[in-house]
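Quick one, what's the 3D model for this:
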Amino acid sequence: MSDPRLPPLPENISFGSELIKARSQLGLTQAQLAEKSNVSLSAIKGYETGRTMPGARELRELCQALQITPNVLLWGTETPFAPNNEQLFAGLEHEDKRVDRFRLATLVALLTFEERQSIQTLVQGLVIARHGEKRVRELLVENEDFLAKMTNELVKTLAVVQAEIEELSESAPSADKKLRKK
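The predicted structure follows:
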């Protein structure tokens, strides 16, 4: 069962209708969108009929061609998470953006490698769709030293968090044994 505080996952059918709406607003045919986005015509037909969903690259290409954000195509709104996120993270607001980044890093650290890779691909697609590949590459090159330092800090922090988790899980069985004796 899904969490009522979160928006529903995008469905193939709603994605297709949002794609049709965005394409129609620009007066493009499926073939014109395929040419403009470098996404095959058969793929676009599949998306619009709800048979398939695009990958990160195709989503980025479609968004750039249609001049919209992925949120609009996926959920039909620019801010699908805004109201519900406020409820989910009520009381966790903080003025210091470093705290927000740390919280995000902590949540991401709890995911598997494959899940982290998926999130990285999604974030890259969103950022490139919004700012363009050239600007993103410039920012990444400009901040390479900073990113290396932050990566080292995150690795250290992750090691501490993992050690604490291991310590807690090691102490949990002993607490369980104590409860069984009673």
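
check which helix or strand covers Val108.
Of the helices and strands defined by DSSP states H and E, Val108 is found in helix 97-109.

actually Leu158, not the one I typed
helix 144-181.

any idea of the mean pLDDT in that helix?
For helix 144-181, the mean pLDDT works out to 71.

Stretch 104-122 now?
Here the average pLDDT along stretch 104-122 is 83.

CA atoms of it as PDB?
Taking Å, rounded to 0.1, in the frame of the first residue of the first chain, the C-alpha atoms of stretch 104-122 are listed here in PDB:
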ATOM      1  CA  LEU A 104      19.600  14.100   1.800                       C
ATOM      2  CA  ALA A 105      23.000  12.400   1.800                       C
ATOM      3  CA  THR A 106      22.000  10.300   4.800                       C
ATOM      4  CA  LEU A 107      18.800   9.200   3.200                       C
ATOM      5  CA  VAL A 108      20.600   8.300  -0.100                       C
ATOM      6  CA  ALA A 109      23.200   6.400   1.900                       C
ATOM      7  CA  LEU A 110      20.500   4.000   3.100                       C
ATOM      8  CA  LEU A 111      19.800   3.000  -0.500                       C
ATOM      9  CA  THR A 112      21.400   0.100  -2.400                       C
ATOM     10  CA  PHE A 113      24.100   0.900  -5.000                       C
ATOM     11  CA  GLU A 114      21.600   0.300  -7.800                       C
ATOM     12  CA  GLU A 115      19.000   2.600  -6.200                       C
ATOM     13  CA  ARG A 116      21.700   5.400  -5.800                       C
ATOM     14  CA  GLN A 117      22.700   5.000  -9.500                       C
ATOM     15  CA  SER A 118      19.000   5.300 -10.500                       C
ATOM     16  CA  ILE A 119      18.600   8.500  -8.400                       C
ATOM     17  CA  GLN A 120      21.800   9.900  -9.800                       C
ATOM     18  CA  THR A 121      20.600   9.300 -13.300                       C
ATOM     19  CA  LEU A 122      17.200  10.900 -12.600                       C
END
